[in-house]
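Student: generate coordinates for the sequence data below:
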Amino acid sequence: MKPEILLVDDDVKNPMLLGRFLKAEGFSVTYANNGAVGLELYRDLNPDLILLDINMPVMNGFEMAAEIRKTDRKVDIFFLTNRTEKADRLKGFALKGNDYIPKPFYPEELVAKINERFESAMLQSESIYSFGDTVFRPNLSSVTFRGETHSLTVRQAEILQLLAENSGSIVDRDTILEQVWGNSSYANSLSLNVQISYLRKLLVDPSVTITAVKKRGYILSAEH
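Tutor: Predicted coordinates for the structure are as follows:
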């Protein structure tokens, strides 16, 4: 499954062209024209990757990244910018940016960087999990039930893998939040609720359930 991308840039023409290129490559892309709108969309979408310009009105890229890193150390952030001074690059990496790409750049180069980033993460987990009649492949971010395959986002795959590794046992909410989002803030806790709802819909196998244990966490279980 390709990562969900949030593209934030106050320019119109070039980001739109880039967005179309990324979509043609199979990515899901949402566009925002400044950091304030981008921050709202980030909270709504929980993307896997943010492509972030720096010089923008209302809220610039550094400010947006700083807000995100207060609660989320896991989402990938690539700065795409014409600010190439050493001080700017150091600031970008101080904000835990995962890459800093000077403009102009070739879209093919960006796609290669994105693929490398996420393929490396997925290759770290090549295990296959079976529960009920469902097969879960973390490296492909997919669940298959009787020949029908559903794709997961990177985050959903990470959550499901934690549950699958501890099938039949409670996985604490804080454990999931720390390992998937980087911390257990209230905002991330709400995001976890949303992602669990999505996973329940994607796991169409009637023998498989994700049960919430009040004030504790979740259990993945399957009838045999």
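Student: please parse this structure into its domains.
Tutor: Residue ranges for the domains of the chain, per automatic domain parsing: 4-122, 129-222.
Student: mean confidence score for the longest one?
Tutor: pLDDT averaged over domain 4-122 equals 91, rounded to a whole number.
Student: could you do the last one as well?
Tutor: Averaged over domain 129-222, pLDDT sits at 92.
Student: now do the same end-to-end measure for it.
Tutor: 12 Å (Cα to Cα, to the nearest Å).
Student: make a markdown table out of the domains of the chain and add mean neighbour count.
Tutor: Just so you know, the C-beta spots here come from the backbone N, C-alpha and C atoms, and that holds for glycine as well. Output for the domains of the chain, formatted as a markdown table (neighbours: other Cβ atoms under 10 Å):
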| stretch | mean neighbour count |
| --- | --- |
| domain 4-122 | 17 |
| domain 129-222 | 17 |
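Student: tell me which helix or strand His150 sits in.
Tutor: Element membership of His150 [criterion: DSSP states H and E] is strand 148-151.
Student: same question, Met64
Tutor: Using DSSP H and E, Met64 falls within helix 61-69.
Student: now the element after the helix or strand harbouring Arg20, going C-ward?
Tutor: If you go by DSSP H and E, Arg20 is part of helix 13-24. Next helix or strand after helix 13-24 toward the C-terminus (DSSP H and E): strand 28-32.
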